[in-house]
Each structure stands twice: as C-alpha cells, then as structure tokens.
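Student: sharing a sequence plus its predicted fold:
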Amino acid sequence: MTDQAPPALARAPRRVLVITLARIGDALLTTPLIRSLRRAWPDATIDVLTFKGSAAMFRGNPDIAGILTLPGKPSAADSLRLAVRLWRHYDLAISTQSGDRPTFYAALAAPYRAGVVAPGVRTVSDTIKRWLLQRAVVTDDTRHRVDQALQLADALGVPRVPELVAPAGDPATPKPAAPYAVIHAAPMFRYKQWTKDGWRALAAHLAKRGVGLVAIGSPDPAEQAYLRDVWDGVTTVQIAAWPATTALLQAASVYVGPDTSVTHLAAATGCPTVALFGPMDPRLWGPWPAGGMTKPWQASGTIQHQGNVWIVQNPLPCLPCGYEGCERHVASHSQCLDELAPTQVIRAVDDALAAA
C-alpha cells in the first residue's frame, strides 16, 4: 500500500456487513472501525457477523443494526445455512481477519469486498483471497489491534473515528451504594495472573480508603475456586454475566485487572482502568482509552497513563517478551507479574481514584 490514501467509494453503500470471527476482546476492538463506517455512511444499515460467544460485545451498540452469529465450531450445516443467508444480501462486506473463512463469507455476502490479508503470497489460498478483495490491507503485527482495524477505514477512504463502543449495560443491575472498585483477578490463563498476596494488599488499601470491592469472574468452577481462595475473608460480590459487568463498570470508581477482554471493556466504558501487564506488549494490546489515544503505548515502563487508562508493568530486562509466560505455555508463571509490587499497583490505583 502507498502512503497516499485511496479515494472514497464512488457511492455510499446501503447495506454493510462487518465480519469479525474473533474472541470477545478482539471483537470489541473492531468497534472503532464500525463507528467510522457509521459516521461516514449515516444512512447505511450496518450488520456484524461474529461468533455466538462474542455477540455480547456488540449488544446495544448504536452503530449496529443487526448481529449475525456463528457457533465457535460450526458444522457443515451451520456454514451452509449462513452462506444461503448471506448470498448477495449486502453492497459491501468487510473482513477484519485474514483467514479463509471470513474472506469466503465476505465474497458470498457482497459484490464489493474489503479485508485483511497476510504479508506475502505463499499459497494458492493467499492468491485467491487477494483476488476476492477489491480493497486489501496487509496485516502488520507492529501496530495496535485498533490501529490495524482502522486501516480498513483508510482503505475505503473513510475518516477514522478511533472510539471504542462498549456494549450496553443493564441499568437494573444491582450496585453497591458506596464507591466501589471492580476487580478482575482471574484471567483465563495462568501466565497473566498476579499474586494472591498482591490482590489482598490492594483490597486492604481500598478498604482503608472507604472503597468497596466487587470481584467479578465467570461461572467456571475452577475459576470460582481460585476466586474463593484469593478473596477468602474479604467481602466481595461475584458477578458473571456480561451485561452486569458492563453496568458495574460504568458506575465504578476504578477497575483493576490483567490484560484481558474485561480490561478492554472497562476502558471502553470510560471507567478509570488500571491494567496489569506481564509478558504481552502494550504497543499491540494496551487498553484503548475512551475517546482514543494521543500516542502509542511504550513497550515497557513502570506506570504509563493515557486518558482513563493506567498500565502497570514490572519492567524486567526481558519485558515484553510476548511469550505465554516464562515456561512458554498458558499454565506457566510469569516472573514479571510474580514480582510486581503491590505498592506500585496501589500508586496507580490512587492516581486513578484521584482522577475519577
């Protein structure tokens, strides 16, 4: 691609499909692209195709007219039914991933397609996907994931609107009457965990400040057992449902958690968000502040701050390695998190509370 922006489409599309067959966090990071399309084409109908497990990230999004879903492991019958439903139903289809399946669905859905392709042409599949797309963007793993998605707006000649859009929260969700912090202590994988002692030190500090604690987690039995161990003796409220999580975040004084989809959601709601980063690179995965970023995150630092987001790291010489922990697998420990001092996290939390 050249540095010169491509011209806008000759005519605004009436029906647009955005395809993002991704996990919930990645799905949320496509909402700035969708918002950019909505601002450029206010009269268009914009639908999203995503996995059933990720659909919650788009519910109540004012930029989206409809949500089409596909099982995480679709059968041949599931794929055929979707293909029939999509066939030339749209004027424009946009695939936010370079995989065969999303590009194939885009080709079925619309006569005009934009999408992501892998660098280089190594296989016949790569050649076919480039041929199917009228506007193609080459993946660049040095860019933040939001920036990568917004390159599709560039390719379509659409001005960027770099704003995450959080799913709608249920206003009827019960919330503590006093100021409270939302804590997400149980990431999906061990290598993103902070220490039990660290979480309990943070809870004690919040209690001294008169800030309540709402601990969130999924219904998974192993996760619930881990949370009971972490919060044993600490007054907590366990919340699992996504809509409840959104509503709690919208009214919270601060959120603290590792680099997971919930942390991206917290930042998107505008909640003051303290993100504990271990091996992963914040230049690619750092939470996107509400309203956008003014500059890229740095690879490593003690406390970084932009907008409503504070990133806390233990800047060992190997950080960020990008690996799944020190042992290179999801059940591994991460030294950078094991040795992250509670005082450093507390300092970021106090800054976030002061800003709130």
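Tutor: That came in fine, so what should we check first?

Student: what about the helices in the stretch 251-356 of the chain?
Tutor: In the stretch 251-356 of the chain, the segments counted as helices under DSSP state H, counting those that start in this stretch are 261-269, 282-285, 335-338, 342-355.

Student: ok, and which of the ones you listed has the densest surroundings?
Tutor: Most buried of the helices of the stretch 251-356 of the chain, by mean neighbour count (mean count of other CB atoms under 10 Å): helix 261-269, with a mean of 26. Every residue, glycine included, has its C-beta placed from N, CA and C.

Student: and it, how far out from the chain middle?
Tutor: 7 Å (CA atoms, centre = their mean, to the nearest Å).

Student: in stretch 237-257, what counts as buried?
Tutor: Within stretch 237-257, the residues that count as buried by 16 or more other CB atoms under 10 Å are 237, 239, 242-257.

Student: restrict that stretch to CA atoms and write it as PDB.
Tutor: Written as PDB, here are the backbone C-alpha positions of stretch 237-257 (Å, rounded to 0.1, in the frame of the first residue of the first chain):
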ATOM      1  CA  VAL A 237     -19.600  -9.800  45.300                       C
ATOM      2  CA  GLN A 238     -19.200 -12.300  42.500                       C
ATOM      3  CA  ILE A 239     -20.700 -11.300  39.100                       C
ATOM      4  CA  ALA A 240     -20.500 -13.300  35.900                       C
ATOM      5  CA  ALA A 241     -22.900 -12.000  33.300                       C
ATOM      6  CA  TRP A 242     -21.500  -9.600  30.600                       C
ATOM      7  CA  PRO A 243     -24.400  -7.100  30.800                       C
ATOM      8  CA  ALA A 244     -24.000  -6.900  34.600                       C
ATOM      9  CA  THR A 245     -20.300  -6.400  34.200                       C
ATOM     10  CA  THR A 246     -20.800  -3.500  31.900                       C
ATOM     11  CA  ALA A 247     -23.300  -1.800  34.200                       C
ATOM     12  CA  LEU A 248     -21.000  -2.300  37.200                       C
ATOM     13  CA  LEU A 249     -18.000  -0.800  35.300                       C
ATOM     14  CA  GLN A 250     -20.000   2.200  34.200                       C
ATOM     15  CA  ALA A 251     -20.600   3.200  37.800                       C
ATOM     16  CA  ALA A 252     -17.300   2.000  39.400                       C
ATOM     17  CA  SER A 253     -14.700   4.400  40.800                       C
ATOM     18  CA  VAL A 254     -11.900   2.300  39.400                       C
ATOM     19  CA  TYR A 255     -11.300  -1.100  37.700                       C
ATOM     20  CA  VAL A 256      -8.100  -3.200  38.200                       C
ATOM     21  CA  GLY A 257      -7.300  -6.300  36.100                       C
END
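
Student: give me the mean pLDDT for that stretch.
Tutor: In this model, stretch 237-257 carries a mean pLDDT of 84.

Student: on that earlier part again, turn the helices of the stretch 251-356 of the chain into TSV, columns for mean pLDDT.
Tutor: Below are the helices of the stretch 251-356 of the chain laid out as TSV (pLDDT from 0 to 100):
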stretch	mean pLDDT
helix 261-269	96
helix 282-285	96
helix 335-338	98
helix 342-355	97
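
Student: can you add distance to A155 and give those back as TSV?
Tutor: Shown next, in TSV, are these (distance: least, CB to CB, whole Å):
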stretch	distance to A155
helix 261-269	24
helix 282-285	20
helix 335-338	37
helix 342-355	36
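
Student: out of these, the one nearest L133 is which?
Tutor: For L133, the closest of those is helix 282-285, at 23.7 Å, according to CB to CB.

Student: thinking again about what came up before, so which of the helices of the stretch 251-356 of the chain comes closest to Q298?
Tutor: Of all the helices of the stretch 251-356 of the chain, helix 282-285 sits nearest to Q298, with 7.2 Å by CB to CB.

Student: ok, back up a step: which ones among the buried residues of stretch 237-257 lie within strands?
Tutor: Under the assignment DSSP state E, the buried residues of stretch 237-257 contribute 239, 254-257 to strands.

Student: and those residues, which is closest to I46?
Tutor: Checking these against I46 by CB to CB gives Y255 as the nearest, at 28.8 Å.

Student: distance of the closest residue to the closest one other than its chain neighbours from A114?
Tutor: Of all residues not flanking Y255 in the chain, A266 sits nearest, at 3.9 Å (CB to CB, 6 or more residues apart in numbering). Remark: distance between A266 and A114 (CB to CB, to the nearest Å) = 30 Å.

Student: which SS state does R35 fall under?
Tutor: Under DSSP: H, G, I helix; E, B strand; the rest coil, R35 falls in the helix class.

Student: ok, now which ones touch the closest residue in space to it that isn't next to it in sequence?
Tutor: Nearest non-adjacent residue to R35, counting by CB to CB, 6+ apart: V161, 4.7 Å away. By CB atoms under 8 Å, 6 or more residues apart in numbering, the contact set of V161 is 32, 35-36, 39.

Student: the residues you listed: which two are farthest apart?
Tutor: Farthest-apart pair in the contacts of V161 is P32 and R39; separation 10.6 Å (CB to CB).
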